[in-house]
Structures are given as structure tokens and as C-alpha cells.
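Colleague: Return a 3D structure for these sequence lines:
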Amino acid sequence: MAFLIFFSIVLLIYGSVNYYIYIRGMQALPDGSIFKSIFPWVFWLLVLTYVAGRFLEKVYLSGASDVLVWTGSFWLSAMLYFFLVVLFFDIIRLVNHIIPFYPRFIASNYESVKIYLFSGAALVVGLVILLGHINTLNPRVKELNIHISKQANGMKELNAVMMSDIHLGTLIGNGHFEKIVEKVKALNPDIIFLAGDVLDEDLEPVLRQNIGETLRRLDAPLGVYGVLGNHEYIGGAEPAYNYLTSHGLKIIRDSVVKINDSFYILGREDRDKPRFAGRERKDLSELVKMADPEFPLILIDHQPYHIETAAELGIDLQLSGHTHHGQLWPLNYVTSAIFTLSYGYGKIDNMHAYVSNGVGTWGPPVRVGNKPEIVNLKITFGK
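Modeller: So this is what the prediction gives:
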């Protein structure tokens, strides 16, 4: 019932935003033109592609479902920017209605101006989406130096790679993931941390592309450790867990692992476990009790809610993802309002924290305002 309510609200918002864009688009086109007769068919077909593609994926995964999902995903980003453009011009119109300031040539050529604005908006939005897609295909390597003052049983330094939100599936396929793996291997990490959402809900597209064999190439001397994210839970936590572990990943589920007798990794189940699995995850304090606080404690928790609690409990380093830092500007302002740390490095008391904006994408294969990243953590230990 909770899922149905949530899904209904999402569809209501999706439909309302698209209707608002549609009405303004129809008003901008001249009566009797061929464009005005074609526009409704093209517009509503684009609106329906994402929902239809996701539904078709579940009943019959095929090339047709791929085309629908790809088209609909690009439309999601176009919808956001068309909405912002239309809202901007409506605000300008409102201000002009209260305090007239339009030049005379606009008032006398209003119909022509609307067509130019319509065409210009479509061109700008198309260009933003194209550049944003190119951006997603070129993840950067971000290096971060962190010092933990605890002794690590003789270990002085650790070369770690951290990634989050790969979202393997239809949009982030095997070809793109192979390039990501090559970048990771070039860093020669001692250990790899995966902070959730390795898979993008449905497992079938991953199976079809045999992405598991590429996952096996993610290796490091001390291992590859990760946690489940909300998208693994949306698609089915147990099948996701079985697939990831059968292809070389060590998924930590509300438990603690001691690495090389030097430091601990604490891996939490995702915050959305109760919603999708009907069971609560362990309290973080229970996990901390499983570890020796004399050693460095590294927490992997997909969603960075209440990271102050981790600092209070003596965690030395928290690694998270989930936020994508909005993925599409200006949504980063929304995630920054929700989370204490929406992106990047922060320090709370004695705890280091890093929230990655992810190496993949969810929904639109587009990033605007931030780059996808692979994080190379250079961690040192000792006084």
C-alpha cells in the first residue's frame, strides 16, 4: 500500500509537470500550422516512453524495451529543463503584467516572438542534454588524502578505491562499465569499497549482458567489499546479493569484517530495508560493539542520513553515496537541503566522511553540474 501511494504521487507529479509544459508548448505554436497538429502526438509519446519501457522490461526484455527506456530516460532530463524554461518565462510574463516593461517590438510581434522562444528553448535544452550525456561517459578519478590517527597493527597506509551508484543495467551497460573497471585497475588499489546501488533495480538486463564477468575483473589484494543500496532492495535484495557475491564481491550486511588484522569494515543494510523487506536493519551501535575500537573503523552506509550519529559512536571514516548530488542542476540544492553532507569530504568531530556523487546515473543518462567519479582514497594510519 505504501508503495502504491508513493507510485501514485510520482505519477501525479510527472503527469502534472508534463501537462504544464504541453499547454505552454501548444500556446507557443501558431494556429493551423503543421507543427501544432504534430506536437501533441510527439509530446505525449515521449512522455509515455519511460513508463512503457520500464513496464516492458519486466514482462519482455528486448530491443524494443531498450529503445523505450533510453528515449524515456532522456525525456526525463528534457522535462526538467523544459519545466524550468517555461516557469522562467511565466515569471517574466507575470512581472510584465504587474509592471509592464516589454519593448514595443515584442508587443507588436508577439506571435513570432513565441515561435522563436519555443525554438530557442528546444535548442538549448537539447544542447544541455547532449553535453550532459557526454559528461556521464567520462568519469574522473578524484584523489583524497585521509589520515586516521589510530594504529593499524603496523599498516601505515592504504590505497583504496571507492565507488558508489554504478546502476548497472540497461543504461549503464557492459561497454561503459568495462571502461570504469579499466580506470580502477590502473590505480592498483589495495582494497575496493562499493557504497551501494551497484545494480539498477532489475537483474535481467545485467544477466543479458553478462556484466558479472566484468564485475569479476574488479579485484584487489585485500578484496572488494560493498553494501546493498536502495535500488538493490527495490529490485529484490536477495537475488541482487546472490548475483554480486557469486561474481567476486563481498557484500557486508549489518555485520563487521576485520581486514588484514589491521582495520574493520562495518557494512550496513540500506535504510530502505524496512520498506521493501519488512524487516528493520541493525542499529549502528550494535555494529560498533562487534568491533575493537582500538583499530580504525570504516563504515559503509549507502544513504548518508544522520552521519553525526556515526561520529558520536567512534567511527573513523564513513563512506556513502546515494545522493548523486542531485545529478541534474539545480537539484543539487535539494539534496544539499536534505543531507548534512550531500557531496564530497567533510569532518564531523574526529570522523572523516566522504559522500560520492556516484560513477553512474539513475534515470537520465545525463549529468549537469557535476562529474561522475571514481574516488582514490590515500589513507594513512598512526599518530
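
Colleague: Quick one: residues contacting the residue nearest to the spatial centre of the chain.
Modeller: When the chain is reduced to its mean C-alpha position, the nearest residue by Cα atoms, centre = their mean turns out to be residue 324, at 4.1 Å. Shown in contact with residue 324 (Cβ atoms under 8 Å, 6 or more residues apart in numbering): 165, 335, 357-358, 361-362. Every residue, glycine included, has its C-beta placed from N, CA and C.

Colleague: can you do 7 Å?
Modeller: By Cβ atoms under 7 Å, 6 or more residues apart in numbering, the contact list for residue 324 reads 165, 357-358, 362.

Colleague: what about it, distance to residue 359?
Modeller: Residue 324 sits 10 Å away from residue 359, taking Cβ to Cβ, to the nearest Å as the criterion.

Colleague: Tabulate the contacts of residue 324 (CSV), appending distance to residue 247 and pLDDT.
Modeller: Output for those, formatted as CSV (distance: Cβ to Cβ, whole Å; pLDDT from 0 to 100):
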residue, distance to residue 247, pLDDT
165, 18, 97
357, 25, 96
358, 20, 96
362, 21, 93
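
Colleague: Among these, which pair sits farthest apart?
Modeller: Among the contacts of residue 324, the pair separated by the greatest distance (Cβ to Cβ) is 357 and 362, at 11.5 Å.

Colleague: From residue 194, how far out is residue 245?
Modeller: For residue 245 relative to residue 194 (Cβ to Cβ), the value is 12 Å.

Colleague: These two: who's more crowded?
Modeller: Neighbours of residue 245 and residue 194, each counted by other Cβ atoms under 10 Å, are more numerous for residue 194; the result is 30 against 12.

Colleague: Now do the strands in the chain.
Modeller: 140-148, 157-163, 191-194, 224-226, 250-251, 255-259, 263-267, 297-300, 317-320, 344-348, 351-355, 373-381 (DSSP state E).

Colleague: Any chance of those in CSV with mean pLDDT and distance to residue 59 as columns?
Modeller: Formatted as CSV, the entries for the strands of the chain read as follows, by pLDDT from 0 to 100; distance: least, Cβ to Cβ, whole Å:
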stretch, mean pLDDT, distance to residue 59
strand 140-148, 97, 38
strand 157-163, 98, 31
strand 191-194, 98, 30
strand 224-226, 97, 30
strand 250-251, 97, 29
strand 255-259, 97, 36
strand 263-267, 97, 34
strand 297-300, 98, 35
strand 317-320, 98, 34
strand 344-348, 95, 41
strand 351-355, 97, 36
strand 373-381, 97, 35
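
Colleague: Minimum distance to residue 46: which of those has it?
Modeller: Between residue 46 and those, the tightest spacing by Cβ to Cβ is seen for strand 373-381, at 30.4 Å.

Colleague: follow-up on the earlier one: comparing residue 357 and residue 362, which residue is more hemmed in?
Modeller: Set side by side, residue 357 and residue 362 give different neighbour counts by other Cβ under 10 Å, the larger being at residue 357 (26 against 20).

Colleague: okay but the more buried one is in contact with residue 341, surely?
Modeller: No - the pair residue 357 and residue 341 does not pass the contact test of Cβ atoms under 7 Å, sitting 11.3 Å apart.

Colleague: just to revisit the earlier point, need the overlap of contacts for residue 324 and residue 359.
Modeller: Overlap of the contact sets of residue 324 and residue 359 (by Cβ under 7 Å, 6+ apart) consists of residue 165.

Colleague: can I see the domain layout of this protein?
Modeller: Using automatic domain parsing, the domains assigned to the chain come out as 2-135, 140-381.

Colleague: Show me which of the contacts of residue 324 is closest to residue 111.
Modeller: residue 362 (40.3 Å).

Colleague: now the closest one: how far from residue 376?
Modeller: Following Cβ to Cβ, the distance that separates residue 362 from residue 376 is 23 Å.

Colleague: Repeat that for residue 226.
Modeller: Separation of residue 226 from residue 376 (Cβ to Cβ) stands at 17 Å.

Colleague: Looking at the two, which one has more neighbours?
Modeller: Taking other Cβ under 10 Å, residue 226 and residue 376 do not tie; residue 226 has more neighbours (28 against 19).

Colleague: give me the beta-bridge partners of the nearest residue to the more buried one once chain neighbours are set aside?
Modeller: Ranked by Cβ to Cβ, 6 or more residues apart in numbering and with sequence neighbours excluded, the top spatial neighbour of residue 226 is residue 194, at 3.0 Å. In this structure, residue 194 has the following beta-bridge partners (DSSP bridges): residue 163, residue 226.

Colleague: Residue 194 and residue 165 touch, don't they?
Modeller: No - using Cβ under 7 Å as the test, residue 194 is too far from residue 165 to be in contact (9.7 Å).

Colleague: Tell me which residues are up against stretch 310-318.
Modeller: Applying Cβ under 7 Å, 6+ apart, the set of residues contacting stretch 310-318 from outside is 146, 148, 150, 284-285, 288, 293, 296-299, 301, 307, 348-349, 351-353.

Colleague: Now do residue 51, the pLDDT please.
Modeller: Predicted confidence (pLDDT) for residue 51: 89.
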